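1. prediction below, plus the sequence it came from.
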Amino acid sequence: MTAMKEVTYRLRRFDPAHDEAPHWEEYRVPFTEGMTVLDGLWKVKELHAPGLAWRSSCRMGVCGSCGMMINGKPGLACNTQISELGGSVVAVAPLPNFAIIRDLVPDLGPMFDAHRALLPYLLRDDTEEQERPTAEYWQSPEELEHYLQFSYCIKCGCCMAGCPTYATDPVYSGPMPLTQSHRYNADGRDGGFAARKVVLFGERGPWRCHYAGECSRVCPKGVDPAKAIQIMKRELVFSYLRLRKQKCPSAATKRLEGVGRREGIPEAPVRTV
Ligand code: FES
């Protein structure tokens, strides 16, 4: 790629207080080697459009707030180098399949509602132990492998933006909520499959997935939601046929002898809530 001195940002702008519909605007900003799409947005804001709105926080691909369409593909603005895009025009739009709140800010509320409805947390009967823990729920490295990949999700919404089913079917829960539901179903410490399958067998469950696989292609964390959804379908069919092995959530276990905190690592602070 030839050395660039400037880069053109083509931004989808929309202010519901003044605009009837979203429109594109262009801005030129200086380019420096190593600049990310997010850095460029800050430059646009500083030099041309102080009212430009988007979400970002960590600037290191961890918080999941800067998901947006970058040159037509969902991705993280902080994790995308301008030089990787192979041109001097960076087109940025809000994630599709969501209403737009303003400029590059999508309304992710429906995604988080669906996430909540699929009980994305450990469900167990021992409430007392969970409220006032006395030990750990022990788990082997092999058991961890069953869900580790799916636990890398940062809820950025890129998979939801890439999913053609979610684009046309407002009832479908979408890849992120379903993958996170499977992440807990596959966790050896969890006993919540029976509660989750009430929703999963219904019309919000995985059955509407056509296995386009776009969710896995665009996921910036390598989570592979398409795989999680296919495993989930299989588990639900086994459960319907009463062939699914009912797992008991692992019991709370005292720390193993000889396994302890390494020297120099301080204890966790006392819980305040
Ligand atoms: Fe946190 Fe991009 S700003 S993931």
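-> Received it, and whenever you're ready, just let me know what you need.
2. pull out the buried residues from the strand or helix carrying Leu144.
-> For Leu144, the host element (DSSP states H and E) is helix 141-145. Within helix 141-145, the residues scored as buried using 16 or more other C-beta atoms under 10 Å are Glu143. Just so you know, the C-beta spots here come from the backbone N, C-alpha and C atoms, and that holds for glycine as well.
3. so which elements touch the next helix or strand after it?
-> Sequence order places helix 158-162 as the next helix or strand after helix 141-145, per DSSP H and E. Helices and strands touching helix 158-162, as assessed by 3 or more C-beta pairs under 8 Å, 6 or more residues apart in numbering; DSSP states H and E, comprise strand 67-70, strand 73-76, helix 175-185, helix 214-218.
4. let me know the average pLDDT across the last one.
-> It refers to helix 214-218. Averaged across helix 214-218, pLDDT comes to 98.
5. can you check the third one too?
-> Along helix 175-185, the predicted local confidence has a mean pLDDT of 98.
6. list the helices and strands it packs on?
-> For helix 175-185, the packing partners by 3+ C-beta pairs under 8 Å, 6+ apart come out as helix 109-117, helix 158-162, helix 193-200, helix 225-240.
7. the ones you listed: which one's closest to Cys209?
-> Set against Cys209 and scored by C-beta to C-beta, the helices and strands packed on helix 175-185 come closest in helix 225-240, at 4.9 Å.
8. the closest one: which residues count as buried?
-> Pro225, Ala226, Lys227, Ala228, Ile229, Gln230, Ile231, Met232, Lys233, Glu235, Leu236, Ser239.
9. got the contact list for the fifth one?
-> The one in question is Ile229. Pro175, Leu178, Thr179, His182, Pro206, Cys209, Tyr211 (C-beta atoms under 8 Å, 6 or more residues apart in numbering).
10. which among those residues count as buried?
-> Neighbour-count burial within the contacts of Ile229 applies to Pro175, Leu178, Thr179, His182, Pro206, Cys209; the criterion is 16+ other C-beta under 10 Å.
11. let's have the residues you listed in a markdown table, adding distance to the ligand.
-> Putting these into a markdown table (distance: C-beta to the nearest ligand atom, whole Å) gives the following:
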| residue | distance to the ligand |
| --- | --- |
| Pro175 | 18 |
| Leu178 | 22 |
| Thr179 | 18 |
| His182 | 23 |
| Pro206 | 26 |
| Cys209 | 26 |
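12. can you pick out the most distant pair from those?
-> Farthest-apart pair in the buried ones among the contacts of Ile229 is His182 and Cys209; separation 11.8 Å (C-beta to C-beta).
13. and Gln230, what does it touch?
-> Contacts of Gln230 by C-beta under 8 Å, 6+ apart are Cys209, Tyr211.
14. and the pLDDT for it?
-> For Gln230, the predicted pLDDT is 97.
15. also Met4?
-> The model's pLDDT for Met4 equals 73.
16. sec struct for it, please.
-> Assigned with DSSP: H, G, I helix; E, B strand; the rest coil, Met4 falls in the coil class.
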